[in-house]
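Peer 1: Got a sequence here, can you model it:
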Amino acid sequence: YTFRANVSDALDSSKAYFVGGLGIGTTSTTRELSVQGAGGILINGTVNSQITFANSTSGEKAYISYWGGLGPGTLGITSGVGDDGIHFNPSNGRVGIGTNNPGRMFHVSGGVADYIAQFDNIDSSGYGVNINTDNDAIDRWGLRVGKSSGTTHFVVMNNGNVGIGTTSPSMMLDVRGSGN
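Peer 2: Model (predicted):
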């Protein structure tokens, strides 16, 4: 293995270059970089730090990033700059997919011409989606289907009442508006 530092060829002379595997805390490198030990890895940047994964053939890139400007310790896994990818803010426990600033515990945002989410259970003895809420107040809904503008089309309340065209169903099935 070769170590070169402050070289005068076309490589950047302010950086160190290793040809072969580099071991930190180990002499048996199984990859280009092998790290062993209980201390972990520290990447110490100013506001934004990232690890870039790049395909040298296709030019595609993916990033694991830390953004200091989006709140304390926001981590992201993205394929570029912007709101794409998955973001996690450990200070408030919020996770965003398609947004770098999740407004809820789990926030999905996207502009796709197809479904924004799909859940498939391929186990023949399995179930679908389970939504639980511990709020016993009957004026709270457990499931709401509507538009982002605030228009509600369908609700299932904590007491089991279902409302179509109303956000406060007064019976097991309460349908408001014109329809068949």
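Peer 1: Tell me which residues of stretch 27-47 come out buried.
Peer 2: For stretch 27-47, the neighbour count (16 or more other Cβ atoms under 10 Å) marks Thr29 as buried. All C-beta spots, glycine's among them, are computed from the backbone N, C-alpha and C.
Peer 1: residues contacting the spatially most central residue of the chain?
Peer 2: Centroid-nearest residue in the chain, with Cα atoms, centre = their mean: Ile86, separated by 2.4 Å. Counting by Cβ atoms under 8 Å, 6 or more residues apart in numbering, Ile86 touches 76-78, 95-97.
Peer 1: most surrounded residue in those residues?
Peer 2: Gly96 (24 neighbours; other Cβ atoms under 10 Å).
Peer 1: Roughly how far does that one sit from Asn89?
Peer 2: 8 Å (Cβ to Cβ, to the nearest Å).
Peer 1: tell me, what's touching those two both at once?
Peer 2: Pro102.
Peer 1: Could you give the number of residues near the closest residue to Val129 other than its chain neighbours?
Peer 2: Excluding the flanking residues, the one nearest Val129 by Cβ to Cβ, 6 or more residues apart in numbering is Phe119, at 5.7 Å. Neighbourhood size, Phe119 [other Cβ under 10 Å]: 7.
Peer 1: Assign Phe119 to helix, strand or coil.
Peer 2: Assigned state for Phe119: coil (three-state reduction, DSSP: H, G, I helix; E, B strand; the rest coil).
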